[in-house]
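1. turn this into a model:
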Amino acid sequence: MTADDLKTQFRQQSQAALSLNTAYIGVVSGLFSTLHSLGTAPSTALAEAAKLDPGYVLRWCDAAYAFGYLDVDGEAFRLTPMGEAMRPEAPDTLMPMAVQSVLSAHMAERAAGLMRTGERPGEQVLAERETVLPWFGPMLEANFAPMFERTICPAVPAFADVDARGGLAVDLGCGNGWYLRALARRCGKLRGLGIDGFQENITQAQALAAQDGLGERLRFIHGDIHALALDEPADLIAMNRALHHVWEKDTATLFAWLRANLKPGGYVVIWEPAWPAERTALREPSRKALAFQNLSEHVQGNHFLRPDEIQAAFAQAGMPSQVHLFAQGNEAVVVAQR
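-> Below you'll find the model as predicted:
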């Protein structure tokens, strides 16, 4: 590859990043959704409907037009199919890609500044950009709820067993509550308790559960799982992409707590990105993003785990476990039963 070829390649990559940055502004400002409801509108009418500054909206419309999210007839803008797909409400929405692009840039900047000191500030870095945190839960939901409902839940026998028994399902690190909402829709006898360290997530989770008519079955509380006492033993304890956030603190104590807070025959279901056993696997296209995400996890005081590490922790706690792999082996669901 020549120098000119490399420049062309990186210009294309740079333009892709700028496109996602433009989309992010439209997502978090509600511009895609508002223009969808209007059908067509000049930028001034769009700004008025979205309750935004008309100068910023005009410049955004120009950028969104340049990157193919909008078409225009005279001064009236309308969404293209790509713009429609970026709406958070759209089926199989592309919104997570826009949110992840800005979150990744933020984490890259933080990692670059911490390289010399070795400081690992923790999960509060997610809250350093005021427009990002409210979209973190919706981003995870859009990315992973369809996989859970369509693929994981039918393939993991523990869910059918819990559905038949009913009882209490606890989600540690529940985010905006998407997992418990999905589980409650499938398992009509279950009650749910979600715990998260960000009050923003708990507020979202409560509102969304009420919106779905699940407010009486699902409860969400702000708290630290290291200082948590359940009112009753659980039939299912879940951790979805949350175990690596607490792994480096006291793994043995956590897994002992998980076992102690289960009913006999109850399940712990851990869903984690599957860190590969061999570094060479990171060159695979489906795993390249995982490598960068692990760097950003280091900023937060975490690191991704191999499935066998999770199994070893269950074994130490006296619980046999089984690994289920999904998404080309990139997602691991580890199930243990008391």
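2. now D235: phi and psi?
-> Listed backbone geometry of D235 is phi -90, psi -30, with angles given as degrees, to the nearest 10.
3. which non-adjacent residue is nearest it?
-> Ranked by CB to CB, 6 or more residues apart in numbering and with sequence neighbours excluded, the top spatial neighbour of D235 is G167, at 3.4 Å. In short, each C-beta sits where N, CA and C put it, glycine included.
4. what about N176, how many residues nearby?
-> 29 (other CB atoms under 10 Å).
5. just use 323 as the starting number from now, easier for me
-> Okay, residue one is now 323; in that scheme the one you just asked about reads as N498.
6. distance check, the closest residue to it other than its chain neighbours against E450.
-> In space, and not counting its chain neighbours, N498 is closest to G459: 2.9 Å by CB to CB, 6+ apart. As defined by CB to CB, to the nearest Å, G459 lies at a distance of 17 Å from E450.
7. got it, and A338?
-> Following CB to CB, the distance that separates A338 from E450 is 24 Å.
8. again with H358
-> Applying CB to CB, one obtains 30 Å for the distance of H358 from E450.
9. before we move on, back to that, neighbour count: G459 and E450, which is higher?
-> Regarding G459 and E450, a neighbour count based on other CB under 10 Å identifies G459 as having more, with 21 against 13.
10. next up, the contacts around the more buried one.
-> G497, N498, G499, W500, N523, Q526, A527 (CB atoms under 8 Å, 6 or more residues apart in numbering).
11. columns pLDDT on top of the residues you listed, output as JSON lines?
-> Conversion of those to JSON lines gives the following (pLDDT from 0 to 100):
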{"residue": "G497", "pLDDT": "91"}
{"residue": "N498", "pLDDT": "94"}
{"residue": "G499", "pLDDT": "96"}
{"residue": "W500", "pLDDT": "96"}
{"residue": "N523", "pLDDT": "90"}
{"residue": "Q526", "pLDDT": "93"}
{"residue": "A527", "pLDDT": "95"}
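12. name the nearest of the residues you listed relative to R472.
-> R472 has its nearest neighbour among those in W500, at 14.0 Å by CB to CB.
13. number of residues surrounding the residue nearest to that closest one when sequence neighbours are not counted?
-> If you skip the residues right next to it in sequence, W500 has E463 as its closest partner in space, 3.8 Å away by CB to CB, 6+ apart. A count of neighbours around E463, defined by other CB under 10 Å, yields 23.
14. and for the one 3 residues further on?
-> The tally of other residues near F466 (other CB under 10 Å) stands at 21.
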